[in-house]
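A.B. asks: quick one, fold the following:
(one chain, ligands or ions: 1)
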Amino acid sequence: MNAEKIIVPLDVSDLDSAIALINKLPQVTFWKVGLELFTSTGPKILDILKSQEKRIFLDLKFHDIPNTVAGACRAAAGYGVDLLTIHATCGSDALKAAAEAVEIGAEKAGTKPPQLIAITLLTSISPRQLAFDLKIPLELPEFALEMALLAEKSGLNGAVCSPQEVQQLRETCKNDFLLVCPGVRPTWSEKGDQKRSLTPSQAITAGADYLVIGRPITAAAEPELAWNLIVEELKTFPTKNQRPLD
Ligand SMILES: O=c1ccn([C@@H]2O[C@H](COP(=O)(O)O)[C@@H](O)[C@H]2O)c(=O)[nH]1
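C.D. replies: Model (predicted):
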């Protein structure tokens, strides 16, 4: 079912707004908790989502030295979430330490380890910014691919990439390497700060396992209508990669 491949971010600042959004969109089975909500309200939202049997993407995008990311991953794995993020640019030592830490943290908490996925390059970065701000001397698709391969080699379960790079990653990485795409924009929505978008059907056709779609749904005048339009669009595009998380 393609609707289950859509992850909606709870990009709000307080619990009441998060609960209101969850109640407004009961069809959503997979929610993302990110930096804003987790920093302002802590892990309470995870219990709320779990009590409603929702799947959870804890998108904290860890970026630090190996010892520190390992500690953070051990703690986050104890929450029993489905997906957890770390930046690939932490480097292989930190990625390996993080991959080991989620297993340890989950075992200690008696829960299933999250799938640890690496941010390859934020979808808000343009090729020009990669070259001139970040001074990375590679073409953007090559850099994203290298980051995904580093994550794969370091024992991670998948990567976060823009829909524009997902086909190349799908063709190069192992079949069971999860590819999660934010920066997805239906034709009728605004791009905002996203620089490397494709439409939901293009992203799925290119090989994305999951799409993260926020403002086109959550900031729409009628979020449920926006959700339905996206689900309708995806119905005509059978998925190549039927890989449920469990
Ligand atoms: O490279 C990345 C990594 C994470 N995100 C997150 O996805 C959502 C996208 O929200 P939209 O409203 O659909 O733009 C947001 O929570 C980001 O933190 C990303 O956009 N790009």
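
A.B. asks: can you read off the pLDDT for the residue in the chain that the ligand sits nearest to?
C.D. replies: Closest to the ligand within the chain is residue 214: 2.6 Å, counting by CB to the nearest ligand atom. C-beta coordinates here come from the backbone N, C-alpha and C atoms, glycine included. Residue 214 is assigned a predicted lDDT (pLDDT) of 98.

A.B. asks: which residue packs closest to it, ignoring adjacent ones?
C.D. replies: residue 9 (4.3 Å; CB to CB, 6 or more residues apart in numbering).

A.B. asks: just list whatever residues bridge to that neighbour.
C.D. replies: When bridges are called by DSSP bridges, residue 9 pairs up with residue 32.

A.B. asks: can you start the count at 48 instead of 1 from here on
C.D. replies: Got it, first residue is 48 now, which makes that one residue 56.

A.B. asks: coming back round to it: separation between the residue of the chain closest to the ligand and residue 54?
C.D. replies: Residue 261 is 9 Å from residue 54, where distance means CB to CB, to the nearest Å.

A.B. asks: what's the answer for residue 185, then?
C.D. replies: The gap separating residue 185 from residue 54 is 28 Å, by CB to CB.

A.B. asks: quick one, which of these two is more surrounded?
C.D. replies: Legend: neighbour count by other CB atoms under 10 Å for residue 185 and residue 54, higher for residue 54 (25 against 12).

A.B. asks: who are the contact partners of residue 274?
C.D. replies: By CB atoms under 8 Å, 6 or more residues apart in numbering, the contact list for residue 274 reads 53, 55, 72, 74-75, 264.

A.B. asks: mean confidence score for the helix or strand encompassing it?
C.D. replies: Assigned by DSSP states H and E, residue 274 belongs to helix 270-282. Helix 270-282 shows a mean pLDDT of 97.

A.B. asks: distance from it to the middle of the chain?
C.D. replies: Distance, stretch centre to chain centre, for helix 270-282: 19 Å (CA atoms, centre = their mean, to the nearest Å).

A.B. asks: does that helix come close to the ligand?
C.D. replies: No - applying CB under 6 Å from any ligand atom, one finds helix 270-282 separated from the ligand by no less than 11.1 Å.

A.B. asks: in that helix, what's buried?
C.D. replies: Within helix 270-282, the residues that count as buried by 16 or more other CB atoms under 10 Å are 270, 273-274, 276-278, 280-281.

A.B. asks: one more: stretch 68-85?
C.D. replies: Within stretch 68-85, the residues scored as buried using 16+ other CB under 10 Å are 68-69, 72, 75-81, 84-85.

A.B. asks: list of residues touching stretch 71-91?
C.D. replies: Taking CB under 8 Å, 6+ apart as the rule, stretch 71-91 contacts 50-51, 53-62, 65, 69, 92-93, 96, 101-108, 126, 128-129, 257, 259, 261, 264, 270-271, 274, 278.

A.B. asks: just checking, residue 52 touches residue 256?
C.D. replies: Yes - in this structure, residue 52 is within contact of residue 256 by CB atoms under 8 Å, at 6.9 Å.

A.B. asks: tell me, what's touching these two both at once?
C.D. replies: Listed contacts common to residue 52 and residue 256 are nil; contacts here mean CB under 8 Å, 6+ apart.
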